[in-house]
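A.B. asks: all I have is the shape, not the residue letters:
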Ligand SMILES: NC(=O)c1ccc[n+]([C@@H]2O[C@H](COP(=O)([O-])OP(=O)(O)OC[C@H]3O[C@@H](n4cnc5c(N)ncnc54)[C@H](OP(=O)(O)O)[C@@H]3O)[C@@H](O)[C@H]2O)c1
């Protein structure tokens with residue numbers, strides 16, 4: 001099969017389209033013909049050697065795929081053959097990927113492969129940030145950094161559905177318009193406006209209850225300063241570099257809480273599966289809008305990485321593979 005692999009750490013140019021064997025199946029696994037593979041910022045960090053560095057090279061990137069089940073391993077129900085599904089797995093920048101049958105979520109006809117491929121990583125992250133970690137309540141205020149990004153566009157929609165007043169930071173006029181269309185109440189251009197001043201101005205000095213921050217180094221200090229008393233900052237990434245070490249002393253004055261979220265932490269059994277089913281239902285019913293900002297063929301994975309790292313993309317970046 002064709003797959004995108006890299007043999008050493010480096011820039012987008014290390015991603016090569018190569019012929020590799022199809023994945024072999026163990027007990028409980030299926031082989032998926034990939035129609036759409038999601039691209040995530042973390043893939044670019046893996047490629048740069050900043051994240052997930054213990055996996056041996058050469059490696060096929062890609063943590064999520066939507067496609068059709070073409071083969072089943074020992075112990076797997078053959079009724080799955082031919083089904084349209086989506087899943088979190090590994091090695092998805094490829095024509096075929098293997099995945100545990102237990103993690104598959106069936107796709108309703110209304111949901112395209114491209115839309116589905118936008119949901120596992122970024123959708124589950126947005127879902128767990130708001131439901132599991134922060135447990136947002138109606139009437140709270142939530143600030144989402146990089147609100148026009150993949151996780152961002154989903155997080156702002158989920159926060160709004162929970163009844164929050166949503167603040168979103170973005171770095172361009174086009175991104176500002178996009179998040180306004182998604183219903184973000186307060187858009188802040190953090191490339192040219194001061195986030196702390198803007199949040200305080202728009203909250204009568206009160207601040208926000210929750211900040212979701214995966215930008216890291218460049219936003220960290222402002223994220224702490226815009227919090228209301230008893231506010232909560234959740235760190236879940238570092239697109240601009242690692243935030244500085246935290247001095248707990250600085251949290252006392254406003255009784256702040258700082259926490260972290262990682263999708264690959266061991267979650268309660270079934271938690272990802274239930275959340276993924278619920279998100280796919282929301283997409284099918286039109287409650288959650290999937291915004292595909294960039295769709296490229298598998299062979300152009302390097303270009304997808306270039307644009308994602310260059311802050312040129314909005315919403316989801318998808319590689320189309322077959323069909
Ligand atoms: N903890 C987890 O389990 C988990 C899971 C998924 C994603 N994440 C993290 O969440 C973040 C968003 O991921 P995503 O896949 O949805 O990507 P994305 O938001 O679509 O793309 C990254 C965005 O970050 C913003 N950004 C700010 N400073 C940047 C810089 N110096 N370089 C590049 N981008 C910068 C850009 O938006 P502006 O131009 O508007 O600033 C850019 O579009 C990433 O940090 C990722 O690692 C974490």
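C.D. replies: Yes, it's here. In this text, all values refer to a predicted model and were calculated from it rather than measured experimentally. Numbering: from 1, shown residues only.

A.B. asks: what does this protein put close to the ligand?
C.D. replies: 40-42, 121-122, 125, 146, 148-152, 170-171, 175, 214-215, 218, 236-237, 239-240, 261-263, 308-309, 311, 313 (CB under 6 Å from any ligand atom). For glycine as for every other residue, the C-beta is placed from the backbone atoms N, C-alpha and C.

A.B. asks: domains of the chain?
C.D. replies: 2-118+290-320, 122-260 (automatic domain parsing).

A.B. asks: turn those domains into TSV, columns for mean neighbour count.
C.D. replies: Output for the domains of the chain, formatted as TSV (neighbours: other CB atoms under 10 Å):
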stretch	mean neighbour count
domain 2-118+290-320	19
domain 122-260	19
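
A.B. asks: redo these as JSON lines? Include mean pLDDT.
C.D. replies: JSON lines is the format used below for the domains of the chain (pLDDT from 0 to 100):
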{"stretch": "domain 2-118+290-320", "mean pLDDT": "98"}
{"stretch": "domain 122-260", "mean pLDDT": "98"}
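
A.B. asks: now the ones you listed in CSV, with distance to residue 269?
C.D. replies: Below are the domains of the chain laid out as CSV (distance: least, CB to CB, whole Å):
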stretch, distance to residue 269
domain 2-118+290-320, 10
domain 122-260, 14
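
A.B. asks: do you know how far the residue in the stretch 151-300 of the chain that the ligand sits nearest to is from residue 191?
C.D. replies: In the stretch 151-300 of the chain, the residue that lies nearest the ligand is residue 237 (2.6 Å; CB to the nearest ligand atom). Distance of residue 237 to residue 191, given as CB to CB, to the nearest Å: 19 Å.

A.B. asks: over to residue 80?
C.D. replies: 47 Å.

A.B. asks: starting at the chain centroid, how far to stretch 107-127?
C.D. replies: From the chain centre to the centre of stretch 107-127 is a distance of 10 Å (CA atoms, centre = their mean, to the nearest Å).

A.B. asks: can you show me the helices along the protein?
C.D. replies: Remark: helices assigned in the chain by DSSP state H are 41-47, 113-117, 120-127, 150-161, 173-181, 195-202, 220-225, 271-284, 301-309.
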